[in-house]
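>>> After the sequence you'll find the predicted model.
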Amino acid sequence: MAFTREQVVKIADLGRLHLTESEIESMSKQLTAILGFFEQLEAIDTEGIEPMAHCLPIQNVFREDEKKPGLPPDEALANAPKRVGDFFSVPPILD
């Protein structure tokens with residue numbers, strides 16, 4: 001299936017893209033090539049192959065959560081440019 005000029009213009013319009021005539025022609029060729037790849041995939045015999053979400057077995061590589069004490073305020077704020085009590089002080093960003 002080849003993409004027509006009208007189809008490319010409609011897709012570009014949906015994506016709020018403003019394409020030149022040469023870009024429309026180029027996109028038509030590129031979209032047609034992409035569809036060609038999908039047609040190749042459709043030709044593959046997948047009978048008896050289980051659907052999967054990932055091609056490799058997935059395992060959790062995260063460590064278990066461990067409760068640890070946090071930093072004391074003086075150590076956490078040691079390099080703070082400005083602080084108010086036990087908190088960072090930052091300039092306001094809204095009026």
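Received, thanks. Numbering: from 1, shown residues only.
>>> Which residues are in contact with the residue lying farthest from the centre of the chain?
For the chain, the largest distance from the centre (CA atoms, centre = their mean) belongs to Gly85, which lies 40.3 Å off. Applying CB atoms under 8 Å, 6 or more residues apart in numbering to Gly85 gives no contacts. In short, each C-beta sits where N, CA and C put it, glycine included.
>>> Which parts of the chain are strands?
83-84, 87-88 (DSSP state E).
>>> how distant is the first one from the center of its chain?
Average the C-alpha atoms of strand 83-84, do the same for its chain, and the two points are 38 Å apart (CA atoms, centre = their mean, to the nearest Å).
>>> Tell me which strands that strand pairs with, and in which orientation.
strand 87-88 (antiparallel) (DSSP bridges).
>>> So for the partner strand, mean pLDDT?
Taken as a whole, strand 87-88 has an average pLDDT of 92.
>>> which parts of the longest helix seen in the chain are buried?
Across the chain, the longest stretch assigned as helix under DSSP state H is helix 21-42. By 16 or more other CB atoms under 10 Å, the buried positions in helix 21-42 come out as Ile24, Met27, Ser28, Leu31.
>>> For the residues you listed, work out which two are farthest apart.
Using CB to CB, the pair of those lying farthest apart is Ile24 and Leu31, separated by 10.5 Å.
>>> Now do the shared contacts for those two.
By CB under 8 Å, 6+ apart, the residues touching both Ile24 and Leu31 are Val8.
>>> Mind exporting the C-alpha coordinates of the longest helix of the chain to CSV?
Taking only C-alpha atoms (Å, rounded to 0.1, in the frame of the first residue of the first chain), the coordinates of helix 21-42 have been written out as CSV:
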residue,chain,number,x,y,z
GLU,A,21,5.5,19.8,-1.3
SER,A,22,8.9,18.1,-1.2
GLU,A,23,8.4,17.1,2.4
ILE,A,24,5.0,15.6,1.5
GLU,A,25,6.5,13.6,-1.2
SER,A,26,9.4,12.4,1.1
MET,A,27,6.9,11.5,3.9
SER,A,28,4.8,9.6,1.5
LYS,A,29,7.8,7.4,0.5
GLN,A,30,8.9,7.0,4.1
LEU,A,31,5.5,6.1,5.4
THR,A,32,5.0,3.6,2.6
ALA,A,33,8.4,2.0,3.5
ILE,A,34,7.3,1.7,7.2
LEU,A,35,4.1,0.0,6.2
GLY,A,36,6.2,-2.3,4.0
PHE,A,37,8.1,-3.4,7.1
PHE,A,38,4.8,-4.2,8.9
GLU,A,39,3.8,-6.3,5.9
GLN,A,40,7.0,-8.3,6.2
LEU,A,41,6.2,-8.9,9.9
GLU,A,42,2.7,-10.1,8.9
